[in-house]
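A.B. asks: okay, predicted coordinates and the sequence, questions at the end:
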Protein chains: 2
Amino acid sequence: MDRQSVTAEDVARHVGVSRSTVSRAFSADRLVKKVTRKKILKAAEELGYQPNALAQALISRRSQIVGIVMGELNNPFHAILHGALTSSLQANGYIPMTAQLGPDKSITDAVSMFRQYQVGAVLLTSMVVTQSMIAACRKAGLLVALLNRIDEEDLAASVCADLEQGGMLAAEHIISRSPSRIAIIEGHEKSWTAKARLAGHLAGLQRAGITPVWVLPGDYTYKAGAVAADVLFSDGPRPDAVICANDLTAMGLMDTARSKYGLRIPNDFAVIGFDDIPMAEWDCFDLTTVRLPVNRMIERTTDLVDRMMAEPTQVSEKTWVPCRLVMRGTT
Amino acid sequence: MDRQSVTAEDVARHVGVSRSTVSRAFSADRLVKKVTRKKILKAAEELGYQPNALAQALISRRSQIVGIVMGELNNPFHAILHGALTSSLQANGYIPMTAQLGPDKSITDAVSMFRQYQVGAVLLTSMVVTQSMIAACRKAGLLVALLNRIDEEDLAASVCADLEQGGMLAAEHIISRSPSRIAIIEGHEKSWTAKARLAGHLAGLQRAGITPVWVLPGDYTYKAGAVAADVLFSDGPRPDAVICANDLTAMGLMDTARSKYGLRIPNDFAVIGFDDIPMAEWDCFDLTTVRLPVNRMIERTTDLVDRMMAEPTQVSEKTWVPCRLVMRGTT
DNA sequence: CTGAAAGCGCTTACAG
DNA sequence: CTGAAAGCGCTTACAG
């Protein structure tokens, strides 16, 4: 089965030019007589010619493949971010190559896969991004950027929602409901984003001179919210407002509070989430939350990739995109 | 920045053999003296050599890249299936290259991207898979297989959950609750899976001599369930059991039934879903549903890819994996 | 079991 | 503006 049957040679012969010229005709910025280019493009179309990307990448030592390192896809927010990212990359002519980290897939494996395919730039979007992951990429000569997290050591570029600002928004909104006992449920302990969100939450409260009564650990899951509910509602004084690290946790909290403790929301306590995943809008939650600006984050990321691919030098710029409050029925 | 600094040539020189031998040492089935191979692999390790996959693919006219065509990632089930698929493919040495169909990304674009990268096999997993999509792939010389759908015209191989059997399971279970008025909410009208599910539902009912009172259109979304609730519960006789094309739709139905019509589940009516997405287990739904055998589907798919890549001839075998009932509180 | 040689399909200085 | 030539890093008959 001869798939790549038609090559630049065929087109060249058909038009009566050299392979070099065909090659140039396909590269936007190279000089070719307008008429010639048009003829070549027409012939290519007719013959069904498409440049072999493998050969292109081999000779130019750089492919259009962009590596994406991500964690598991079980958080709906991650799925959405990832979907938006790959779409946007593709729309801009890049080929996303995703490495999903997991028990049998380390960053080393991912880097090795990327190197084998001459990937130029790598986007790190897994929940946990350590300095050693960045180092592993850099060492292999890969340009790296972080999406939805910030590299505080400035070794990589970053595009991130302004999570501290978003966290403050959440805190301020909760305060406007004048609660007397506030609880916070944190995100994953190893996650940079969890720290940033918490910092925002605390800063917002502090600004109003308020200290949370509870700051409970969590890990961004539904389960974490359910567990926290048991701590908060089983006995003793209860919170009348709970700030959650993300929507999933808020949902777990709400569910357990209602089904197990018979509480009503927002009557018995107010809740606010973070992310604005599609389920936040569902009737059973109707969750007030902080929306991450997914589209703008993706735009900026694609921009960044454009620049990294155009001039292959590591940049370490940081881009912050503000979050906004989405008010619903739980506050 | 010289990324691909160390080549087979370097390793060859280092060990004192030819490039050919280095190449052979990296290919499992080629004959090389054991000692030689060992030396080469050791040197490669030391020098940090990795074969350039681009060059390999170029010369052997086949890359390890597997194309995946999918729709939007907004249905949690699709996200999970896709995550499991890419993981498994990677664990088996393939590189998944995903093309997300959408307003600005047609199957033609996807095929063209795959061809440029000498992709050998393509997996079609988008919700809507038409014969013309299969034809487009075949025409470009791509081997194609369908995941979670069946090609009834036998032009492609298929791995699919046995949706009819699953649908029957749902129907039988609902019948065991002896309802008197059953409603069915369908999936997306253009989707093969929706037809299969419905066929199963109807067959199960028919076997017991039961005809559904309502068969409402849907599209697999939460919204579809909410809309159906208005039809079913606003006035006139109400169903006491609703069979939904998927979990998302069941959730929309439940939410609206409760919040807008004050109904209780399963007291006022029973509901059953399909898929068993993680949210089905949540307290607020506790949804009885039919679980798709994701892991086994993925195993079979990876097997199939192995065979397609090993011997590049289009097969058209069909693999069915049975579904099973997951009983929870809504029935 | 191993090496020399040809060649995959392309790009890019170098001349003209 | 265009062509001839070299070369990206690899695999694979072909000889030995």
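C.D. replies: Thanks, I have it.
A.B. asks: now the strands: where do they sit in the stretch 51-200 of chain A?
C.D. replies: In the stretch 51-200 of chain A, the strands defined using DSSP state E, counting those that start in this stretch lie at A:65-70, A:95-100, A:121-124, A:143-147, A:157-161, A:182-188.
A.B. asks: for whichever residue of the stretch 151-300 of chain A sits closest to DNA strand D, give me phi and psi.
C.D. replies: Closest to DNA strand D within the stretch 151-300 of chain A is A:Ala156: 25.4 Å, counting by Cβ to the nearest atom of the strand. The way it works is simple: take the backbone N, C-alpha and C, and place the C-beta from them, glycine included. Main-chain torsions, A:Ala156, degrees, to the nearest 10: phi -140, psi 160.
A.B. asks: that one contacts A:Leu124, doesn't it?
C.D. replies: Yes. Between A:Ala156 and A:Leu124 there is a contact under Cβ atoms under 8 Å: 7.3 Å.
A.B. asks: which residues are common contacts for those two?
C.D. replies: Residues touching both A:Ala156 and A:Leu124 (Cβ atoms under 8 Å, 6 or more residues apart in numbering or on different chains) are A:134, A:137, A:144-146.
A.B. asks: quick check, nearest of those residues to chain B?
C.D. replies: Taking Cβ to the nearest Cβ as the measure, A:Cys137 is the one of the shared contacts of A:Ala156 and A:Leu124 closest to chain B, at 11.3 Å.
A.B. asks: pretty sure the closest one contacts A:Met113?
C.D. replies: No. Using Cβ under 8 Å, A:Cys137 is not in contact with A:Met113; the gap is 11.9 Å.
A.B. asks: in chain A, where is pLDDT below threshold?
C.D. replies: Residue ranges of chain A with pLDDT under 70: A:1-4.
A.B. asks: so where do the helices sit in it?
C.D. replies: A:8-15, A:19-25, A:34-47, A:53-60, A:76-91, A:107-116, A:131-139, A:163-175, A:192-207, A:222-233, A:247-261, A:294-310 (DSSP state H).
A.B. asks: list the helices and strands the first one packs on?
C.D. replies: Using 3 or more Cβ pairs under 8 Å, 6 or more residues apart in numbering or on different chains; DSSP states H and E, the elements in contact with helix A:8-15 are helix A:19-25, helix A:34-47.
A.B. asks: gap between that helix and the chain center?
C.D. replies: Between the centre of helix A:8-15 and the centre of its chain there are 43 Å (Cα atoms, centre = their mean, to the nearest Å).
A.B. asks: which bits of chain A sit near DNA strand D?
C.D. replies: A:16-21, A:24, A:31-34, A:36-37, A:55, A:58-59, A:61 (Cβ under 7 Å from any atom of the strand).
A.B. asks: need the residues of the stretch 201-331 of chain A near chain B, please.
C.D. replies: A:222, A:226, A:251-252, A:254-256, A:258-260, A:278-279, A:282-285, A:312 (Cβ under 8 Å from any Cβ of the partner chain).
A.B. asks: now those: which count as buried?
C.D. replies: A:222, A:226, A:251-252, A:254-256, A:258, A:278-279, A:282-285, A:312 (16 or more other Cβ atoms under 10 Å in any protein chain shown).
A.B. asks: farthest pair in the residues you listed?
C.D. replies: Using Cβ to Cβ, these span at most 53.7 Å, a distance reached by A:Arg258 and A:Pro312.
A.B. asks: A:Pro76 and B:Met279, how far apart?
C.D. replies: 9 Å (Cβ to Cβ, to the nearest Å).
A.B. asks: overlap of the contact sets of those two?
C.D. replies: Contacts common to A:Pro76 and B:Met279, judged by Cβ under 8 Å, 6+ apart, are A:279, B:76.
A.B. asks: about what we covered before: what's the closest of the shared contacts of A:Ala156 and A:Leu124 to DNA strand D?
C.D. replies: Nearest member of the shared contacts of A:Ala156 and A:Leu124 to DNA strand D, counting by Cβ to the nearest atom of the strand, is A:Cys137, at 19.7 Å.
A.B. asks: quick one: the closest one and A:Arg62, what's the gap?
C.D. replies: 16 Å.
A.B. asks: for the two, work out which one has more neighbours and name it.
C.D. replies: A:Cys137 (27 against 16; other Cβ atoms under 10 Å in any protein chain shown).
A.B. asks: next, count neighbours for the spatially closest residue to the more buried one that is not a sequence neighbour.
C.D. replies: If the residues on either side of it in the chain are set aside, A:Cys137 comes closest to A:Val144, at 4.4 Å by Cβ to Cβ, 6 or more residues apart in numbering or on different chains. Neighbourhood size, A:Val144 [other Cβ under 10 Å]: 26.
A.B. asks: is A:Val144 in a bridge, and if so with what?
C.D. replies: A:Val122 (DSSP bridges).
A.B. asks: how many neighbours does A:Glu72 have?
C.D. replies: Here the count is done by other Cβ under 10 Å, and A:Glu72 has 16 residues near it.
A.B. asks: distance of it relative to B:Met297?
C.D. replies: To B:Met297, A:Glu72 is 18 Å away according to Cβ to Cβ.
A.B. asks: give me the domain ranges for chain A.
C.D. replies: A:3-51, A:66-160+A:294-320, A:163-291 (automatic domain parsing).
A.B. asks: so which of the ones you listed comes closest to B:Asp104?
C.D. replies: domain A:66-160+A:294-320 (5.7 Å).
A.B. asks: kindly check the end-to-end length of stretch A:67-77 for me.
C.D. replies: One end of stretch A:67-77 to the other measures 20 Å (Cα to Cα, to the nearest Å).
A.B. asks: list the buried residues for it?
C.D. replies: Going by neighbour count (16+ other Cβ under 10 Å), the buried part of stretch A:67-77 is A:67-73, A:75-77.
A.B. asks: from these, pick the one nearest B:Val11.
C.D. replies: Using Cβ to Cβ, those come closest to B:Val11 at A:Gly67, 24.6 Å.
A.B. asks: quick one: residues contacting the spatially closest residue to that closest one that is not a sequence neighbour.
C.D. replies: Nearest non-adjacent residue to A:Gly67, counting by Cβ to Cβ, 6+ apart: A:Val122, 3.9 Å away. Listed by Cβ under 8 Å, 6+ apart, the contact partners of A:Val122 are A:66-69, A:111, A:114, A:137, A:142-145.
A.B. asks: in the stretch 151-300 of chain A, what residue lies closest to DNA strand C?
C.D. replies: A:Ala157 (24.1 Å).
A.B. asks: how far away is that residue from A:Tyr94?
C.D. replies: In terms of Cβ to Cβ, A:Ala157 sits 16 Å off from A:Tyr94.
A.B. asks: with neighbour numbers in mind, choose between those two.
C.D. replies: A:Ala157 (26 against 20).
A.B. asks: that one reaches A:Ala145, doesn't it?
C.D. replies: Yes. Contact criterion Cβ under 8 Å: A:Ala157 and A:Ala145 qualify, at 4.3 Å.
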